[in-house]
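> The following block contains a protein sequence and its predicted model.
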Amino acid sequence: MNGAPTTTGATGLAGWSRASNPQRFETYNRWTLYVILACEPLIALGLLTGATEYTGAGALAFALVSVAHCAAAIVTTRATLEVYLGRAVSARRELWFLTVATIVAVVVSFAWAAGARNPEPIVVGNVAAIAPVVAILALSPLLTVGKLMLATLAAPVIAGLAALIAGGSPVQATVPVITTTLIAAGSALSFRVSVWMIGVVWEQEQRRAVDARLAVAEERLRFSRDLHDVFGRTLSTVAVKSELAAELARRGDDRAPEQMLEVRRIAQDALREVRAVVDGYRAADLPTELAGAREILRSAGVEVLVAGEDLVLPPRAQEALAWVVREAVTNVVRHADAHRCVIELRTAAGAATLSISNDGARLAAAARTGSGLNGLRERLATVGGTLEVQRDQTQFALTAVVPLDTGTVASAVTPEPTPGVST
């Protein structure tokens, strides 16, 4: 798989609660595959239940071999999945162990079939094919669908030979061949689809991250292009005027001071233009920030609830709260493991209150105070506003209060008495 994920699936209850959705998906599918493989000794011994010829030391030996082969298959599946996801280069050592364990399991099955009294050929054939089928499942992450289907043919061949060695007729040997073919093909395809889905989920996660980086790069390019368009021509003019003034001064021409004054005027105009461009990028609009927050959080896998976005606030209050939304959403994405974020805007007693809470506070982040929050407090203080932060083991809540302009009352765009809620 190209573009390997850099993180692995979650482990343990604590890891599960703080894991991302791709990590949870991978963990669930990994352990589903492991549990299926762990059923190998149970299935083998279950097929032999009721056949008294297979009790005693032979049954114990077969059980031990099945358990060892099962462990080798689980370890190999983990290694081959890591290779498929691009986190490991090779699983050669695990493949060798699995190959040896499979050969031993098949040999024990054949020896058992040859030495048992009155063996049941169909049962012997099915039991002998279990280890090869499990081995094929463990190899499924490394094989294409065509090669995987070709590899499954080994299991029915072994099942048929075991049935014949146990004294079965060709017709009896056909039964385990058919059942093994169907089970091996279906199980192998199921395993391969599960592995493929894990890869697709991580690929989508990486694509989302790439899209975010491309958006940042595009914004930087647009900013640099605007600066070039606004400032590039001005700097060229300043350079030409400066050279002209220097040449005039060298000749003792009285027009040199006039040219330098012109350079100063051009520089001042350029400074105003640059400030205008920067102010345009710095401008914060509350409805735009709320809409952007919804999209950013959803793309990060966070459930979003926005209440009160229809409220119309005075310009100063709106801009101040827009900065709060921008900073708070950035902190949720960068410094939290949130699954749900609630943004609520309301007005009362001549003030606008914005509350933003999420359920993914990190203990490490709680130990430090970010400069972003301090900057928000300073920005809100300029308009008479306040900022409060509350956090516990998992919850983080931020509340900003900004007074409304004198004589201005917030109103709703729609005639409903309560703000609309959208998710």
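Ah, there it is.
> from memory residue 300 sits against residue 334, does it?
No - in terms of Cβ atoms under 8 Å, residue 300 does not count as a neighbour of residue 334; the distance is 9.7 Å. Where you see a C-beta, it was placed from the backbone N, CA and C, and this is true even at glycine.
> these two touch, right, residue 143 and residue 152?
No - counting by Cβ under 8 Å, residue 143 does not reach residue 152; the two are 9.9 Å apart.
> neighbour count winner among those two?
residue 152 (25 against 18; other Cβ atoms under 10 Å).
> Skip the chain neighbours and tell me the closest residue to that one.
Spatial nearest neighbour of residue 152, chain neighbours left out: residue 184 (4.1 Å); criterion: Cβ to Cβ, 6 or more residues apart in numbering.
> wait, what's in contact with that neighbour?
By Cβ atoms under 8 Å, 6 or more residues apart in numbering, the contact list for residue 184 reads 129, 132, 133, 136, 152, 155, 156.
> Average pLDDT for the host helix or strand of the last one, rounded please.
If I follow you right, that is residue 156. Assigned by DSSP states H and E, residue 156 falls within helix 154-165. The pLDDT scores in helix 154-165 average 87.
> before we move on, the earlier item: what about the residue nearest to residue 152, distance to residue 145?
Distance of residue 184 to residue 145, given as Cβ to Cβ, to the nearest Å: 14 Å.
> okay, residue 300 and residue 334: which has more neighbours?
Per other Cβ under 10 Å, whichever of residue 300 and residue 334 has more neighbours is residue 300, with 21 against 11.
> can you give me the strands for the protein?
Counting by DSSP state E, the chain has strands at residues 303-307, 311-312, 340-348, 351-358, 386-391, 396-403, 411-412, 421-422.
> JSON lines for the ones you listed, including mean pLDDT and mean neighbour count?
Output for the strands of the chain, formatted as JSON lines (pLDDT from 0 to 100; neighbours: other Cβ atoms under 10 Å):
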{"stretch": "strand 303-307", "mean pLDDT": "90", "mean neighbour count": "18"}
{"stretch": "strand 311-312", "mean pLDDT": "85", "mean neighbour count": "16"}
{"stretch": "strand 340-348", "mean pLDDT": "91", "mean neighbour count": "18"}
{"stretch": "strand 351-358", "mean pLDDT": "92", "mean neighbour count": "22"}
{"stretch": "strand 386-391", "mean pLDDT": "90", "mean neighbour count": "15"}
{"stretch": "strand 396-403", "mean pLDDT": "92", "mean neighbour count": "21"}
{"stretch": "strand 411-412", "mean pLDDT": "40", "mean neighbour count": "12"}
{"stretch": "strand 421-422", "mean pLDDT": "40", "mean neighbour count": "12"}
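> Kindly indicate which of the contacts of residue 184 lies nearest residue 240.
residue 136 (76.2 Å; Cβ to Cβ).
> Quickly list what the nearest residue to residue 298 once chain neighbours are set aside is bridged to.
With Cβ to Cβ, 6+ apart as the criterion, residue 298 has its nearest non-adjacent residue at 5.9 Å, and that residue is residue 304. Beta-bridge pairing of residue 304 under DSSP bridges involves residue 341.
> which residues touch residue 304?
Listed by Cβ under 8 Å, 6+ apart, the contact partners of residue 304 are 293, 294, 297, 298, 340, 341, 343, 423.
> Swap in 7 Å and give it another go.
Residue 304 makes contacts with 294, 297, 298, 341, 423, as judged by Cβ atoms under 7 Å, 6 or more residues apart in numbering.
> So, low pLDDT: which residues of the stretch 1-150 of the chain?
For the stretch 1-150 of the chain, the stretches with pLDDT under 70 are 1-15, 17, 48-59, 113-118.
> Let me see the ranges of the helices in it.
12-18, 21-38, 40-48, 57-84, 92-115, 121-139, 145-151 (DSSP state H, counting those that start in this stretch).
> Kindly state the domain boundaries assigned to the chain.
Domains of the chain are assigned by automatic domain parsing as 12-209, 214-282, 286-422.
> so of those, which one's packed in deepest?
domain 12-209 (a mean of 18; mean count of other Cβ atoms under 10 Å).
> orientation of the longest helix anywhere in the chain relative to helix 154-165 in degrees?
Longest helix in the chain, counting residues (DSSP state H): helix 170-227. Between helix 170-227 and helix 154-165, the angle comes out at 170 degrees (axes from the mean of the first three to the mean of the last three Cα atoms, to 10 degrees).
> between helix 170-227 and helix 57-84, what angle do the directions make?
For helix 170-227 against helix 57-84, the angle by the same axes, to 10 degrees is 20 degrees.
> now helix 170-227 against helix 121-139, angle please.
Put simply, helix 170-227 runs at 10 degrees to helix 121-139, going by the same axes, to 10 degrees.
> Phi, psi for the residue of the chain most remote from its centre please.
In the chain, residue 252 marks the outermost C-alpha relative to the chain mean, sitting 70.0 Å out by Cα atoms, centre = their mean. Backbone torsions for residue 252, taken as degrees, to the nearest 10, come to phi 80, psi 20.
> related to what we said a few turns ago, in JSON lines, list the strands of the chain along with distance to residue 67.
Converted to JSON lines, the strands of the chain look like this (distance: least, Cβ to Cβ, whole Å):
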{"stretch": "strand 303-307", "distance to residue 67": "43"}
{"stretch": "strand 311-312", "distance to residue 67": "65"}
{"stretch": "strand 340-348", "distance to residue 67": "43"}
{"stretch": "strand 351-358", "distance to residue 67": "46"}
{"stretch": "strand 386-391", "distance to residue 67": "48"}
{"stretch": "strand 396-403", "distance to residue 67": "47"}
{"stretch": "strand 411-412", "distance to residue 67": "68"}
{"stretch": "strand 421-422", "distance to residue 67": "55"}
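> right, and residue 22 touches residue 203 too?
No - with contacts counted by Cβ atoms under 7 Å, residue 22 stays clear of residue 203, the gap being 9.5 Å.
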